[in-house]
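*Asks:* need a 3D model of the following:
(one chain, ligands or ions: 1)
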Amino acid sequence: MVRGIVWFRNDLRIHDNEAFYDAIKSCDEILPIYIFDERIFRGYTKFGFRKADRHRTRFVIESIQNLKNNLESLGLHLCIRIGKPEEEIYSIAQQIKSSWVFCNRERTQEEVDVQDALESSLWTIGQELRYYRGKMLYHTADLPFPVTQTPDIFTNFRKEVEKFVSIRKPIALPEQTIRPLSLSIDHGQVPSLSDFNLAEENGDKIVIKGGEDAAIEQLEQYLWGTDRVQSYFETRNQLLGTDFSSRFSAYLAKGCLSPKLVYWKLKAYEEERGSNKSTYWLFFELLWRDFFRLMAKKHGNKIFNLGGIAAKPEINQIANWKIIDKWTQGKTGIPFIDANMIELNSTGFMSNRGRQNVASFFIKDLKQNWIVGAEFFESMLIDYDPCSNYGNWNYIAGVGCDPREERYFNIMTQANRYDPDGEYVKHWLPQLAHINSANIHYPLDEDRKDYCNASVPLSLWK
Ligand SMILES: Cc1cc2nc3c(=O)[nH]c(=O)nc-3n(C[C@H](O)[C@H](O)[C@H](O)COP(=O)(O)OP(=O)(O)OC[C@H]3O[C@@H](n4cnc5c(N)ncnc54)[C@H](O)[C@@H]3O)c2cc1C
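*Replies:* Prediction:
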């Protein structure tokens, strides 16, 4: 009797899941497991933010509920625990006398530490951890360079891969009979926010629902349902609304959606309804995601360090909490920044344009330690991914491998360009709704006092 444990991590899906499928092929009985790692769901970052605040925790809970349902339709019962994966899985592996634990391999330090610890303890009972892939568009074995030689400049990376390397097709669920564990164990329950001492807050809005089913629905809608992908290039820098960009990021980050599936659906869509700059650009953005993952593999922990990938010395370490609190709460007094931060706090999401602006403002105008900002994003974003988050912050902090050294976003220029009538600001800051559009980005102190009492340095109004 060969028993296998499938450890679901950031691959919360049935489709195109190599680890799961190999377990089906190799084992007589399967126990799927998900562990809510207490260090993430109850823990804190170095600067004291919740590691996964309520939005991402809610998203993961929904994704686990959906995964549980989908596994049940295959006759499997998901086992759920809260704790340390290396301890919980080890103890179950010992109890059920499994042969292997199948999982997707992670590449960033905290995740690697967990998988290494589990692997070591499994060895002590004659069991093994079997690793699989599934996070990127490209298979690293297909790349024309070893990971350590990945070009550090995105454009060079893109040129070396996009025309020459094909993207593998998603793999299909094996046809073998799938058998659940025949032993009786406690399968646990899907937790709720309160199990992590979290609760929804006033003003919270759910804009992206977790789970593989919701992910597939979003993919279908964004392509065939609404044809919004046809205008992605023109709309991608917008701020207000839910369909100016794909909204795939949280699904990709938690693995509810396979990037290969997105790619091949996009190709099928182009065949049927035509390709244009916009349909290409969605692929282009997915390349950024692969690029940051490869950068993290190549440069390891540098992406988390103050000096970044570039290992720059003398990077600003100031963390003035009076200023930081204003930024995190959306009370800096600059409506364009505050609206974005309020959106992040209320939904766990912010547009790419918004992220670039608030990050640049934090580093270049408020002159704060970029790691604090990146940690706040880590805490709040439903689509948090270590490679994409810290990779993008590296870029904006000027410690990545950006050929343009000084990437400064002039906030007022950006506000006027991307929110010319102030609709976005007024949506998230209804206290300013009475101000006419021409002045919305420059409210007087008496207007701003309804939501904050910050006094904005004159230099920022330029
Ligand atoms: C400071 C900062 C932090 C960020 N942190 C994250 C993060 O933790 N997780 C995350 O997924 N994205 C992050 N991004 C990238 C980007 O903002 C989001 O992926 C995007 O806004 C999500 O919306 P969407 O799915 O509608 O994206 P779309 O515009 O529709 O793009 C399609 C997909 O391409 C990928 N993508 C697009 N832009 C980028 C990018 N710059 N870097 C990496 N992948 C990209 C995403 O997977 C996205 O879902 C960050 C950007 C900045 C500037």
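*Asks:* hmm, whichever strand or helix holds Leu71 in reach of the ligand?
*Replies:* For Leu71, the enclosing helix or strand under DSSP states H and E is helix 54-72. No - looking at helix 54-72 against the ligand by Cβ under 6 Å from any ligand atom, there are no contacts, and the closest approach is 9.9 Å. Every C-beta, even on glycine, is put in place using the N, C-alpha and C of the backbone.
*Asks:* quick check: mean pLDDT across whichever helix or strand comes after that helix?
*Replies:* Elements were assigned by DSSP H and E; along the chain past helix 54-72, the next helix or strand is strand 79-83. Along strand 79-83, the predicted local confidence has a mean pLDDT of 98.
*Asks:* how far does strand 79-83 sit from its chain's centre?
*Replies:* Here the centre of strand 79-83 is set off from its chain's centre by 22 Å, with Cα atoms, centre = their mean, to the nearest Å.
*Asks:* stretch 202-213 close to the ligand?
*Replies:* No - no part of stretch 202-213 sits near the ligand under the criterion Cβ under 6 Å from any ligand atom; the closest distance found is 9.0 Å.
*Asks:* with only the CA atoms kept, save that stretch in PDB.
*Replies:* Extracted as PDB, the C-alpha positions of stretch 202-213 are listed here (Å, rounded to 0.1, in the frame of the first residue of the first chain):
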ATOM      1  CA  ASN A 202     -15.600  49.100   8.800                       C
ATOM      2  CA  GLY A 203     -15.400  50.000   5.200                       C
ATOM      3  CA  ASP A 204     -13.900  46.700   4.100                       C
ATOM      4  CA  LYS A 205     -15.000  45.600   0.600                       C
ATOM      5  CA  ILE A 206     -14.500  42.200  -1.000                       C
ATOM      6  CA  VAL A 207     -13.500  42.900  -4.600                       C
ATOM      7  CA  ILE A 208     -11.700  39.600  -5.400                       C
ATOM      8  CA  LYS A 209     -13.200  36.300  -4.100                       C
ATOM      9  CA  GLY A 210     -10.700  33.500  -3.400                       C
ATOM     10  CA  GLY A 211     -10.600  30.000  -5.000                       C
ATOM     11  CA  GLU A 212      -9.900  28.100  -8.200                       C
ATOM     12  CA  ASP A 213     -13.500  28.400  -9.400                       C
END
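*Asks:* list the buried residues in that stretch.
*Replies:* The neighbour-count check on stretch 202-213 (16 or more other Cβ atoms under 10 Å) flags Ile208, Lys209, Gly210, Gly211, Glu212, Asp213 as buried.
*Asks:* among those, which lie within helices?
*Replies:* Among these, the members found in helices (DSSP state H) are Glu212, Asp213.
*Asks:* Trp7: which of the buried residues of stretch 202-213 is nearest?
*Replies:* Closest approach between these and Trp7, by Cβ to Cβ: Glu212, at 16.9 Å.
*Asks:* mind listing what the closest one touches?
*Replies:* Residues in contact with Glu212, defined by Cβ atoms under 8 Å, 6 or more residues apart in numbering, are Leu12, Arg13, Ile14, His15, Ser63, Asn66, Leu67, Asn70, Tyr251, Cys256, Leu257.
*Asks:* Phe164 now?
*Replies:* When contacts are taken as Cβ under 8 Å, 6+ apart, Phe164 is in contact with Pro144.
*Asks:* now with 10 Å?
*Replies:* The neighbourhood of Phe164, defined by Cβ atoms under 10 Å, 6 or more residues apart in numbering, consists of Asp142, Leu143, Pro144.
*Asks:* which ones among these lie within strands?
*Replies:* Among the contacts of Phe164, DSSP state E puts none in strands.
*Asks:* with neighbour count, distance to Val165 and pLDDT added, can I get those residues in JSON lines?
*Replies:* Output for these, formatted as JSON lines (neighbours: other Cβ atoms under 10 Å; distance: Cβ to Cβ, whole Å; pLDDT from 0 to 100):
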{"residue": "Asp142", "neighbour count": "12", "distance to Val165": "5", "pLDDT": "97"}
{"residue": "Leu143", "neighbour count": "19", "distance to Val165": "6", "pLDDT": "97"}
{"residue": "Pro144", "neighbour count": "9", "distance to Val165": "7", "pLDDT": "97"}
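*Asks:* next to the ligand, which bits of this protein? Give me the list.
*Replies:* Of all the residues in the chain, those in contact range of the ligand (Cβ under 6 Å from any ligand atom) are 236, 245-249, 252-253, 282, 285-286, 288-289, 292, 351-352, 355-356, 359, 377, 381, 383-385, 388-389, 392-393, 396.
*Asks:* using CSV, write out every CA atom in the helix holding Leu71.
*Replies:* Included here for helix 54-72 are C-alpha records, laid out as CSV according to Å, rounded to 0.1, in the frame of the first residue of the first chain:
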residue,chain,number,x,y,z
ARG,A,54,-7.4,40.1,7.1
HIS,A,55,-7.7,40.5,3.3
ARG,A,56,-5.2,37.9,2.3
THR,A,57,-6.2,35.6,5.1
ARG,A,58,-9.8,35.8,4.0
PHE,A,59,-8.8,35.2,0.4
VAL,A,60,-6.8,32.1,1.4
ILE,A,61,-9.6,30.8,3.6
GLU,A,62,-12.0,31.1,0.6
SER,A,63,-9.5,29.4,-1.6
ILE,A,64,-9.1,26.5,0.8
GLN,A,65,-12.9,26.1,1.1
ASN,A,66,-13.1,25.9,-2.7
LEU,A,67,-10.1,23.5,-2.9
LYS,A,68,-11.8,21.3,-0.3
ASN,A,69,-15.0,21.2,-2.3
ASN,A,70,-13.2,20.4,-5.6
LEU,A,71,-11.1,17.7,-4.0
GLU,A,72,-14.3,16.2,-2.6
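*Asks:* what are the buried residues along it?
*Replies:* 54-68, 70-71.
*Asks:* just stretch 122-132 next, same as before
*Replies:* For stretch 122-132, a neighbour-count test (16+ other Cβ under 10 Å) marks Leu122, Gln127, Leu129, Arg130, Tyr132 as buried.
*Asks:* among the residues you listed, which ones are in helices?
*Replies:* Counting by DSSP H, these place Leu122 in helices.
*Asks:* so which of the buried residues of stretch 122-132 would you say is closest to the ligand?
*Replies:* Taking Cβ to the nearest ligand atom as the measure, Tyr132 is the one of those closest to the ligand, at 20.2 Å.
*Asks:* right, and the closest one touches Tyr21 too?
*Replies:* Yes - with contacts defined as Cβ atoms under 10 Å, Tyr132 counts as touching Tyr21 at a distance of 8.7 Å.
*Asks:* need the overlap of contacts for these two.
*Replies:* Residues touching both Tyr132 and Tyr21 comprise Val6, Phe102, with contact defined as Cβ under 10 Å, 6+ apart.
*Asks:* okay then, goodbye and thanks.
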